[in-house]
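> Pasting the sequence and the predicted model now:
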Amino acid sequence: MTDKIVFNAKIFTNNRGQTEASALAVKNGRIYSVGSDAEILSLQNSETEVIDAHGRTLIPGIIDAHTHVLNESGYNYNVRWDGVPTLRIALAMLREQAGRTPGGHWVKAIGGWSPYQFEENRFPTMDELREAVPNHPLMVQYAYNRAFLNEQAMEELGVGTERFPAPPGSEFEKDDQGNYTGVLHGYTFTFVAMEAMVPQLSFEEEVSSLVHTVHALNRFGITSAVDAGNRGYPGPQATVDVLARDNRLNVRMPFVDMQFGDGTPMNMVDAQIEAITRTAPISPGQNLHPTLDHGHEYRGAGEVLQLEVHDHENFDRPAVIIDPDQMRRHVEENVVKLVRRRIPFRMHISYNENITPFLDALEEMNEGTPLDGLRWSIEHAETISPENIARVKNLGGGIALDSKMALHGDGFIKTHGREKALETPRLRQLVDSGVALAMTTDAFRAATFNPWVGVNWMVSGKSVSGSEVLARGNRLSRVEALKLFTSGPAWFMNTESEMGRIAPGNLADFVLLDRDYFTVPEEQIKDVSSVLTVMDGRVVFGAQEYSSLTPPLPDVLPAWSPVKHFGGYH
């Protein structure tokens with residue numbers, strides 16, 4: 001009668017119609033029934049796989065509504081500092097990796113970490129980095145804020161020569177003698193350009209990176225990850241196709257697309273329309289995965305629709321304010337094309353000063369070219385005002401927040417002040433407004449891919465350093481916070497009726513946690529992980545007593561990969 005039964009669980013159903021349950025049954029990739037142990041165990045037959053939860057907490061699968069899985073094609077080449085507790089350990093990891101990295105390759109630690117997570121509460125010095133990696137080019141990147149390069153790396157990149165691109169806002173530190181120190185400050189596209197200049201993975205290594213990236217997501221209970229802008233459809237889809245072909249894609253991964261072209265001047269929206277109508281025709285909502293519901297659907301354009309109106313989110317620097325007239329022209333000339341073609345869109349805007357003119361123009365456009373239910377959203381929206389929250393809701397849009405303040409809130413305080421930080425973002429008002437809302441990670445460069453770091457911040461109000469960065473009245477309950485990673489993000493996948501809840505008919509995506517999220521001390525929330533992750537009714541990750549249920553993973557490629565030796569999260 002059923003394929004799988006999980007019983008003896010403390011189930012958070014997120015379903016107001018059935019708030020209490022201890023067991024569920026799965027059939028054909030969907031939840032068949034939810035109820036008591038006796039009710040559900042009566043549905044088994046000789047073919048049913050029965051799993052004892054041993055009293056553990058079971059929640060709906062985590063949905064990350066804004067991350068960058070396909071932009072992280074170099075995952076296997078990077079030392080991941082996510083979750084590393086001390087700078088001493090982080091430097092030791094670089095030192096060890098330098099010893100195994102072959103000639104011709106770099107040692108890199110790219111994103112996912114914060115100096116404030118370290119016990120030492122500081123950045124590494126260039127002397128420490130040079131000592132750790134003396135014989136290879138080294139790049140350590142902090143979010144999209146700054147990078148640390150040793151002499152070999154600067155030589156390889158051509159720093160100080162015509163070979164090195166210097167996008168607006170880039171600034172290399174110099175010492176008293178006028179020599180480059182190796183510390184580079186910049187914005188997003190500075191670091192995007194640099195990453196394209198280092199040794200790249202083979203296709204087989206990219207496939208391996210995707211396998212192990214997804215495995216890292218499953219470890220934290222993530223069963224769906226909206227790829228919020230990649231390197232340009234249809235190219236990045238090739239690695240997904242390899243896994244989809246063999247039904248090995250262990251996460252639902254709808255995608256939103258950005259088109260950067262070859263670096264020459266271009267219109268990103270025109271390029272998007274060209275890509276989906278001529279290069280590789282696809283319609284919004286169309287699923288490229290042959291068997292997995294919502295496996296790899298095209299969900300529209302964004303998060304960057306025009307480079308010139310991208311306001312970044314470097315909290316170490318003052319807010320980037322866009323000329324209001326330029327934002328208005330962007331809506332009139334670009335966004336309107338997407339609306340006419342009924343292509344959903346996402347717009348990266350961090351600061352309220354830029355959200356206001358965007359909404360001014362969008363409201364005006366809506367009078368002549370109605371949005372009329374088209375799904376659109378503002379991504380990040382760190383400092384959005386109550387008035388603009390209401391305007392987004394009235395226009396039928398959503399707001400995809402992110403948890404970067406958990407990692408970078410201390411830097412925000414230094415730049416913008418504590419009072420501003422305590423209301424950034426306005427979590428309580430956002431939740432109470434009823435606007436379509438999700439919390440996201442924005443991994444893998446801007447922040448860590450571990451959603452529980454963000455949940456910890458929403459509940460405790462503390463950053464990874466232990467500093468208070470959210471006012472007490474601006475924090476959420478544990479249920480509210482979890483909803484922003486479960487039922488809330490379903491809106492952004494257009495799957496509210498079948499995801500985010502433990503309810504009959506919903507997709508069978510759920511997680512057994514290694515501890516009771518609802519009762520553990522607040523300081524332990526960031527350490528929550530999965531012992532059993534089920535996606536589409538099949539086990540995709542198991543740990544502790546469920547480790548034998550984990551599907552076998554192929555070897556990490558290349559053999560010297562940092563991920564092979566350190567894993568993806570400390």
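Happy to help now that I have it.

> Point me to the helix or strand that includes Ala225.
When elements are defined using DSSP states H and E, Ala225 is found to belong to strand 222-228.

> mind listing what's buried in that strand?
Judged by neighbour count using 16 or more other C-beta atoms under 10 Å, the buried positions of strand 222-228 are Ile222, Thr223, Ser224, Ala225, Val226, Asp227, Ala228. For glycine as for every other residue, the C-beta is placed from the backbone atoms N, C-alpha and C.

> Repeat that for stretch 285-296.
Along stretch 285-296, the positions that meet the burial threshold by neighbour count (16+ other C-beta under 10 Å) are Asn287, Leu288, His289, Leu292, His294, Gly295, His296.

> wait, what's in contact with Gly263?
By C-beta atoms under 8 Å, 6 or more residues apart in numbering, the contact set of Gly263 is empty.

> where does it land in three-state SS?
Under the three-state scheme (DSSP: H, G, I helix; E, B strand; the rest coil), Gly263 adopts coil.

> Near the closest residue to Lys10 other than its chain neighbours, how many other residues are there?
Nearest in space to Lys10, with sequence neighbours left out and distances taken as C-beta to C-beta, 6 or more residues apart in numbering, is Thr57 at 4.8 Å. Burial of Thr57 is recorded as 20 neighbouring residues (other C-beta atoms under 10 Å).

> same check, this time on Ala381
What Ala381 shows, counting by other C-beta under 10 Å, is a neighbour count of 28.

> mind listing what Leu292 touches?
For Leu292, the residues meeting the contact criterion (C-beta under 8 Å, 6+ apart) are Ala244, Asn247, Leu249, Arg252, Asp536.

> what do you get for Phe118?
Counting by C-beta under 8 Å, 6+ apart, Phe118 touches Val84, Pro85, Thr86, Leu87, Ala90.

> out of those residues, who's nearest Pro521?
For the contacts of Phe118, the minimum distance to Pro521 (C-beta to C-beta) is 17.3 Å, reached by Pro85.

> close enough to count as contact, that closest one and Asp527?
No. Using C-beta atoms under 8 Å, Pro85 is not in contact with Asp527; the gap is 11.0 Å.

> Just want the most central residue of the protein.
Centroid-nearest residue in the chain: Thr67, 2.5 Å away (criterion: C-alpha atoms, centre = their mean).

> Which residue or residues pair with that one through a beta bridge?
Per DSSP bridges, the residues bridged to Thr67 are Asp227.

> if I look at it, how far off is Thr279?
25 Å (C-beta to C-beta, to the nearest Å).

> Kindly provide the distance from Ala132 to Arg329.
The gap separating Ala132 from Arg329 is 48 Å, by C-beta to C-beta.

> actually Ile343, sorry about that
Computed with C-beta to C-beta, the distance linking Ile343 and Arg329 is 19 Å.

> and the contacts of Phe118 as TSV, adding distance to Pro489, neighbour count and secondary structure?
What follows is those, written out as TSV (distance: C-beta to C-beta, whole Å; neighbours: other C-beta atoms under 10 Å; DSSP: H, G, I helix; E, B strand; the rest coil):
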residue	distance to Pro489	neighbour count	secondary structure
Val84	27	23	coil
Pro85	29	13	coil
Thr86	33	13	coil
Leu87	33	21	helix
Ala90	31	24	helix
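
> could the residues you listed go into JSON lines alongside pLDDT and distance to Phe358?
Formatted as JSON lines, the contacts of Phe118 follow (pLDDT from 0 to 100; distance: C-beta to C-beta, whole Å):
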{"residue": "Val84", "pLDDT": "98", "distance to Phe358": "37"}
{"residue": "Pro85", "pLDDT": "98", "distance to Phe358": "40"}
{"residue": "Thr86", "pLDDT": "98", "distance to Phe358": "42"}
{"residue": "Leu87", "pLDDT": "98", "distance to Phe358": "39"}
{"residue": "Ala90", "pLDDT": "98", "distance to Phe358": "38"}
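
> re earlier: neighbour count: Ala132 and Arg329, which is higher?
Neighbours were counted for Ala132 and for Arg329 using other C-beta under 10 Å; Ala132 has more, 21 against 15.

> thinking that one is in contact with Ala90, fair?
No. At 9.0 Å, Ala132 and Ala90 do not qualify as touching, with contact defined as C-beta under 8 Å.

> Would you state the strands of the stretch 301-450 of the chain in chain order?
Assignment of strands within the stretch 301-450 of the chain using DSSP state E, counting those that start in this stretch yields the ranges 345-349, 376-380, 398-402, 436-440.

> Mind jotting down where the helices sit in the stretch 101-250 of the chain?
Using DSSP state H, counting those that start in this stretch, the helices found in the stretch 101-250 of the chain span residues 126-132, 151-157, 188-195, 203-219, 237-245.

> among these, where is the model least confident on average?
Of all the helices of the stretch 101-250 of the chain, the minimum mean pLDDT falls on helix 188-195 (a mean of 90).

> what residues does it touch?
Taking contacts as C-beta under 8 Å, 6+ apart, the residues outside helix 188-195 that touch it are 74, 110, 139, 141, 144, 147, 157, 165-167, 169-170, 184, 307, 310, 312, 445.

> What residues does Asn15 make contact with?
Applying C-beta under 8 Å, 6+ apart to Asn15 gives the contacts Val34, Arg501, Ile502, Ala503.

> remind me which residues of the stretch 51-200 of the chain are low pLDDT?
Nowhere does the stretch 51-200 of the chain drop to pLDDT under 70.

> And the stretch 301-450 of the chain, by the same measure?
Within the stretch 301-450 of the chain, not a single segment meets pLDDT under 70.

> Can you show me the helices along it?
Ranges of helices in the stretch 301-450 of the chain, per DSSP H, counting those that start in this stretch, are 324-330, 336-340, 352-368, 386-394, 404-416, 418-421, 427-433.

> what's the last one packed up against?
Going back to what we said before, that points to helix 427-433. Helices and strands touching helix 427-433, as assessed by 3 or more C-beta pairs under 8 Å, 6 or more residues apart in numbering; DSSP states H and E, comprise helix 386-394, strand 398-402.

> Please state the offset of that helix from the chain centre?
Taking the mean of its C-alpha atoms, helix 427-433 sits 22 Å from the chain's own mean (C-alpha atoms, centre = their mean, to the nearest Å).

> Please spell out which residues along it are buried.
Using 16+ other C-beta under 10 Å as the burial criterion, the residues of helix 427-433 that qualify are Leu427, Arg428, Gln429, Leu430, Val431, Ser433.

> who touches that helix?
Contacts made with helix 427-433 from outside it, assessed by C-beta under 8 Å, 6+ apart, are listed as 384, 386, 389-390, 393, 399, 401, 437, 458, 470, 473-476, 480, 484.

> gap between the spatially most distant residue from the centre of the chain and Glu49?
Within the chain, the residue lying farthest from the chain centre (C-alpha atoms, centre = their mean) is Gln177, at 41.0 Å. Gln177 sits at a distance of 68 Å from Glu49 (criterion: C-beta to C-beta).

> Then Thr239?
When Thr239 is compared with Glu49 (using C-beta to C-beta), they lie 30 Å apart.

> next one: Asp432
If you measure Asp432 against Glu49 using C-beta to C-beta, the figure is 42 Å.
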